[in-house]
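Undergrad: sequence first, then the predicted structure, then my questions.
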Amino acid sequence: MAAKSPRHPEPPSLPVRDDDDPGLRVSGPPGARDIRHAGDDELGAVMAEALTFEGRVDRATHGFHTYPAGMHPDAAKVIIAACPGAVHDPFCGGGTVLLEAMLAGRKASGTDLSPIASLVTKARTADPALATPLRAASRRLAELARTTRSPVEVPEACRDWYEPHVAEEIGHLRDGIRAEDATVQPLLWAVLSSIVIKASYRESDTSNRKSPVHRPPGTTAILFHKKARELGRMIEGLPSGAEVLTRLDDARVCPPPPHTSLVLTSPPYPGVYDYLPMQQLRYAWLGIEPPGRAFSAEVGSRRSFRAKGRAEAFRDWREDTDRWIATQSQGLRRNGLMVVNVGDGLVGGRLVDALSPTVQAMRKAGLEIVARASADRPDHARNAVRIEHMVMGRKP
Ligand SMILES: C[S@@+](CC[C@H](N)C(=O)[O-])C[C@H]1O[C@@H](n2cnc3c(N)ncnc32)[C@H](O)[C@@H]1O
């Protein structure tokens, strides 16, 4: 569907909550409910549809590596299909938007501060020609790690997080990857990255609670080989020669490439995650220097809300929102579209509205609001309902 011309001066207003009014409601059955849209009918309906998707998607490389708070692949797919041209995601995370743009035959680009985001995005959009060398190298490395019984260096940050034989197998895999050919190394690092949380005592990517698990000897090396074969199979189905550019950079200052027609992104919600520190086990195993300067550039981090308090950290998040939206909108071409997927933040156990600051920032940046859609999503952990939104602006 092509974008309609901007004949809609002002969409009818949706209920927008003030950040002092968390507006909690009792949760109901799972899934998006009460989906509504306003503004341009067709584009509003596309965004409303985007909010209905849930559950796992195994298409292409989507299922390869966990990444917190990813946009739903089908949401990215329907929005890209409705908006022509080159696509840019300034907070690209695990690369969902870039992969969908690539699958739709579009030019795709993205930035993120996290080296793990960059590694995962590159692996998920890799050249299919790398599938065969990936499989061969991973078979060799897994066999070596499974059978070698010699001491190996385990990074300090990882010592309490693994059974000794598991740490040893991962250490041997890491040492083997260092000696592999440079063309296939990034994919091997991405495969190692995909298993180091699962093999640890850590509950998940987003929780550093310990839950002891036992992995029989040899099974970590086998898991590595299995994940590498899985990635090989997945990338074989990707288009070759696709143009996907990723950069480690700050969305507040790094504009999209000049040809960009669609900025599609899900920025960090205020106070929900610490995207950069949560990757500490991966930095340690992959020999990545934790990106110190980037830590302070992270938008909306949970730790900033803890350290500064709710009012100051929320003010910072609003200023950062103004900055990244202004930078991205400056780089958009005329008539280009920006679609922002944003939801309630979580501050001091209370939900806060992130929609109104986002809409205000888009207007300040000179974008016309074309349409928006919202859906209620039950948050069972807090017995509450979080509201998720898609907002579309057009550069006049
Ligand atoms: C909600 S996640 C994006 C998830 C992504 N849409 C996906 O589908 O995987 C937000 C991302 O913003 C990144 N981030 C936070 N502050 C940033 C900044 N100033 N510039 C660029 N990226 C930033 C985090 O590292 C994280 O990957």
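TA: Great, that's in hand.

Undergrad: what helix or strand does residue 392 sit in?
TA: In this assignment (DSSP states H and E), residue 392 forms part of strand 384-394.

Undergrad: right, is that strand up against the ligand?
TA: No. Strand 384-394 lies out of reach of the ligand by Cβ under 6 Å from any ligand atom, never closer than 11.9 Å. The way it works is simple: take the backbone N, C-alpha and C, and place the C-beta from them, glycine included.

Undergrad: ok, residue 124 touching residue 61?
TA: Yes. Using Cβ atoms under 8 Å, residue 124 is in contact with residue 61, at 4.1 Å.

Undergrad: what is in contact with these two at once?
TA: residue 99 (Cβ atoms under 8 Å, 6 or more residues apart in numbering).

Undergrad: quick revisit: and the strand holding residue 392, what does it pack onto?
TA: helix 41-52, strand 337-343, helix 355-364, strand 368-379 (3 or more Cβ pairs under 8 Å, 6 or more residues apart in numbering; DSSP states H and E).

Undergrad: mind checking the pLDDT average for that strand?
TA: Summarised as a single mean, pLDDT over strand 384-394 is 92.

Undergrad: and the angle from that strand to strand 368-379?
TA: 160 degrees (axes from the mean of the first three to the mean of the last three Cα atoms, to 10 degrees).

Undergrad: and strand 384-394, how far from the chain's centre?
TA: Distance of strand 384-394 from the chain centroid (Cα atoms, centre = their mean, to the nearest Å) equals 17 Å.

Undergrad: in the helix or strand harbouring residue 193, what's buried?
TA: If you go by DSSP H and E, residue 193 is part of helix 185-195. Buried residues in helix 185-195, counted by 16 or more other Cβ atoms under 10 Å: 186-195.

Undergrad: any chance of the backbone angles for the closest residue to the ligand within the stretch 51-200 of the chain?
TA: Residue nearest to the ligand within the stretch 51-200 of the chain (Cβ to the nearest ligand atom): residue 93, separated by 2.6 Å. Backbone torsions for residue 93, taken as degrees, to the nearest 10, come to phi 50, psi -130.

Undergrad: run a quick neighbour tally on it.
TA: 26 (other Cβ atoms under 10 Å).

Undergrad: repeat that for the one 4 residues further on.
TA: Look at residue 97: counted by other Cβ under 10 Å, it has 33 neighbours.

Undergrad: residues in the stretch 151-300 of the chain within reach of the ligand, list them.
TA: 250-252, 266, 268, 275, 297-299.

Undergrad: now, the most widely separated pair of the residues you listed?
TA: 266 and 297 (17.8 Å; Cβ to Cβ).

Undergrad: what about the strands in the protein?
TA: Assigned by DSSP state E, the chain shows strands spanning 33-39, 86-89, 108-112, 244-248, 260-265, 337-343, 345-347, 350-352, 368-379, 384-394.

Undergrad: which among those strands is found nearest to residue 279?
TA: Across those, closest to residue 279 is strand 108-112 (Cβ to Cβ), at 11.6 Å.

Undergrad: who's in contact with the closest one?
TA: Under Cβ under 8 Å, 6+ apart, the answer for strand 108-112 is 86-93, 95, 97-99, 101-102, 118, 121, 125, 242-251, 254, 256-257, 260.

Undergrad: partners of that strand, with directions?
TA: Paired neighbours of strand 108-112 in the sheet (DSSP bridges): strand 86-89 (parallel), strand 244-248 (parallel).

Undergrad: now what about the longest one, what contacts it?
TA: In other words, strand 244-248. 92, 95, 98, 101-102, 108-115, 118, 121-122, 125, 254, 257, 291, 294.

Undergrad: list the buried residues for it?
TA: Neighbour-count burial for strand 244-248, counted by 16+ other Cβ under 10 Å, picks out 244, 246.

Undergrad: re the thing from before, next, format the strands paired with strand 108-112 as TSV and append mean pLDDT.
TA: As requested, those are exported to TSV (pLDDT from 0 to 100):
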stretch	mean pLDDT
strand 86-89	98
strand 244-248	96
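
Undergrad: take these and lay them out in a markdown table including distance to residue 157.
TA: As requested, the strands paired with strand 108-112 are arranged in a markdown table below (distance: least, Cβ to Cβ, whole Å):
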| stretch | distance to residue 157 |
| --- | --- |
| strand 86-89 | 30 |
| strand 244-248 | 21 |
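
Undergrad: residue 267: what's it in contact with?
TA: 90-91, 251, 299-300, 321, 324, 340, 342.
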